[in-house]
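Undergrad: here is my input; please provide its structure:
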Amino acid sequence: MERDLSRIALFAALIAVLGLMPKLTLASGIPLTAQSMGIMLCGTILGARKGALAVLLFLLLVALGLPLLAGGRGGLGVFVGPTLGYLVGFVLGAFVTGYTAERFENRMAFVPALTGAVVGGIIVMTICGIIGMSVTMGVSLAKATTFALPFLPGDVIKAVLTAGITAALWKARPALV
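TA: Predicted structure coming up:
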């Protein structure tokens with residue numbers, strides 16, 4: 001139990017640290033950051049339930065006002081802007097990433113981790129982001145989709161990096177499974 005709580009807190013911190021990397025803000029107002037890779041890593045390494053809990057802890061800290069999102073953003077205001085869908089997608093994405101990877105015999109091998117990262121970390125988070133942008137910006141789903149498309153090449157790179165990191169960690173520390 002204590003070990004699980006430590007890992008959940010550690011991965012919430014990892015998501016925050018990945019937000020410190022320089023961001024690139026797209027025309028839609030959505031920043032391109034490394035934090036989504038942290039979400040993918042939560043799912044592949046911690047699994048569905050614990051990965052989602054790590055993301056919920058991170059979002060709780062953001063809601064309390066800590067400037068942990070890319071660009072030093074935090075507070076309740078971020079939950080009503082164009083990033084709302086992505087923030088909801090963070091939780092669902094971590095869960096689906098872990099759940100998908102867990103369907104394989106060894107969830108921490110490269111292919112299961114990559115599959116989970118693509119399904120949860122790209123598909124689920126992008127769909128949530130598109131819906132969130134459509135609602136909060138008052139634009140059609142088609143228009144919101146055009147805002148999300150520039151993220152996809154970077155997301156694919158992050159999914160491959162996530163799978164590589166997960167597989168390397170599993171080889172170095174197989175007891176993590």
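Undergrad: what's the closest non-adjacent residue to A48?
TA: Nearest residue to A48, sequence neighbours excluded (C-beta to C-beta, 6 or more residues apart in numbering): G98, at 3.4 Å. For glycine as for every other residue, the C-beta is placed from the backbone atoms N, C-alpha and C.
Undergrad: contacting residues around stretch 68-88?
TA: Stretch 68-88 has contacts (C-beta atoms under 8 Å, 6 or more residues apart in numbering) with 15-16, 19, 21, 23, 25, 28-31, 33, 35-36, 58-59, 61-67, 125, 128-137.
Undergrad: related to what we said a few turns ago, so what's the residue nearest to A48 up against?
TA: G98 neighbours (C-beta under 8 Å, 6+ apart): 42-44, 46-52, 107, 116, 120.
Undergrad: mind running it again at 10 Å?
TA: Residues in contact with G98 (C-beta atoms under 10 Å, 6 or more residues apart in numbering) are 40, 42-52, 107, 116, 120.
Undergrad: which element is it on?
TA: Assigned by DSSP states H and E, G98 belongs to helix 84-102.
Undergrad: who's in contact with T115?
TA: For T115, counting by C-beta under 10 Å, 6+ apart, the contacting residues are T44, T97, T100, A101, R103, F104, R107, A159, A163.
Undergrad: top of these by neighbour count?
TA: Among the contacts of T115, T97 has the most neighbours (other C-beta atoms under 10 Å), with 36 neighbours.
Undergrad: doesn't G38 make contact with it?
TA: No. Using C-beta atoms under 10 Å, T97 is not in contact with G38; the gap is 11.1 Å.
Undergrad: spit out the residues that contact these two alike.
TA: Common neighbours of T97 and G38 are listed as G121, T162 (criterion: C-beta under 10 Å, 6+ apart).
Undergrad: the nearest residue to M137 once chain neighbours are set aside: what secondary structure?
TA: Nearest residue to M137, sequence neighbours excluded (C-beta to C-beta, 6+ apart): P82, at 5.4 Å. Following DSSP: H, G, I helix; E, B strand; the rest coil, we place P82 in the coil state.
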